[in-house]
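Colleague: Predicted model and sequence below, questions to follow.
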Amino acid sequence: MIRWVGFDADDTLWQSQSYFDAAQEAYEQILSRYLDVADDRVHAHLLETERRNVRFFGYGAKGMILSMLEAAVALTEERISGADVRHILELGMDVLQHPVELLPGAREAVEQVARHYEIVLITKGDLHHQERKVAESGLNTLFHHIEIVSEKDPPTYARLFAEFGCAAEEFAMVGNSLRSDIEPVIELGGWGVHVPHDRLWAMEAEHGVDPDHPRLRVVEDRAQVLEALRGFAN
Ligand SMILES: [Mg+2]
């Protein structure tokens, strides 16, 4: 019997990846002055740099910008100008300061679920950025707990379950990322409601979730989240 429901935030309750994608497009525009950005290796090099650095910088805009700078210096063989380094830094500031744009039906879905379950927001990324978005979203008062974590893996979820005093079987996670929101929770014995978003960061696309897993539901509309959760009881 599910008692606790966790909600992911970025691209589950509000827009996020679109800002990162826009920054990446602008970054490639800057690099186009130095090299052929149509070359797939430019794209792959940044992703590889981010993947290597995530354990040092964590997830989020600050880590992305540091990786962009590192990749730009390497790809241009140190020819990138000071002005363009500043432009790349400004791309990061734009991501960190974008207004919070709730996704359709996000507030209603959280309100509906909150009437039946203990609800918790579980989000990863830059601490300051996430704190600001949580406060600006206006959803913060609806949640019983808010957890900003550095990684969403089985040990993190297991620690949270211990904090909440719930067993894995009593917990369901709602989110757009199969890798971060669904796979670790199902692995521990919990439940997952996948709400896909049309934009997904390449690293989040890597997962091993069985699409027919009996403890997984996929909903296209946030209005169906409560129904999906209740369906697990049958
Ligand atoms: Mg997300």
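Modeller: All right, it came through fine. Numbering: from 1, shown residues only.

Colleague: and this protein, which residues reach the ion?
Modeller: Contact residues, the chain versus the ion (Cβ under 5 Å from the ion): 8, 10-11, 176-177. Placement of C-beta: from N, CA and C, glycine included.

Colleague: I'd like those residues as CSV, with distance to residue 81 appended.
Modeller: Putting the residues of the chain next to the ion into CSV (distance: Cβ to Cβ, whole Å) gives the following:
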residue, distance to residue 81
8, 39
10, 32
11, 34
176, 37
177, 36
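
Colleague: want to throw the residues you listed into JSON lines with neighbour count and pLDDT?
Modeller: Compiled in JSON lines, the residues of the chain next to the ion are given as follows (neighbours: other Cβ atoms under 10 Å; pLDDT from 0 to 100):
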{"residue": "8", "neighbour count": "22", "pLDDT": "98"}
{"residue": "10", "neighbour count": "26", "pLDDT": "97"}
{"residue": "11", "neighbour count": "23", "pLDDT": "97"}
{"residue": "176", "neighbour count": "24", "pLDDT": "96"}
{"residue": "177", "neighbour count": "25", "pLDDT": "96"}
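
Colleague: In a markdown table, list those residues along with secondary structure.
Modeller: Below are those laid out as a markdown table (DSSP: H, G, I helix; E, B strand; the rest coil):
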| residue | secondary structure |
| --- | --- |
| 8 | coil |
| 10 | strand |
| 11 | coil |
| 176 | coil |
| 177 | coil |
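
Colleague: And the residues you listed, which is closest to residue 125?
Modeller: Using Cβ to Cβ, residue 10 is the member of these that lies nearest residue 125, at 6.8 Å.

Colleague: Which residues are in contact with that closest one?
Modeller: By Cβ atoms under 8 Å, 6 or more residues apart in numbering, the contact list for residue 10 reads 16-17, 123, 125, 176.

Colleague: got the contact list for the top strand by length along the chain?
Modeller: The residue-count maximum for a strand in the chain (DSSP state E) belongs to strand 118-124. Applying Cβ under 8 Å, 6+ apart, the contact partners of strand 118-124 are 3-10, 13, 58-60, 110, 113, 130, 134, 139-140, 142-152, 160, 164, 173, 180.

Colleague: Now intersect those residues with the strands, please.
Modeller: 4-7, 145-149, 173.

Colleague: Please spell out the ChimeraX selection for the buried subset of those residues.
Modeller: Of these, the buried ones go into a single ChimeraX selection, burial set by 16 or more other Cβ atoms under 10 Å:
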select :4,5,6,7,146,147,148,149,173
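
Colleague: and the longest helix anywhere in the chain, what does it pack onto?
Modeller: In the chain, taking DSSP state H as the definition, the longest helix is helix 40-57. The contact analysis (3 or more Cβ pairs under 8 Å, 6 or more residues apart in numbering; DSSP states H and E) places helix 40-57 against helix 17-31, helix 61-75.
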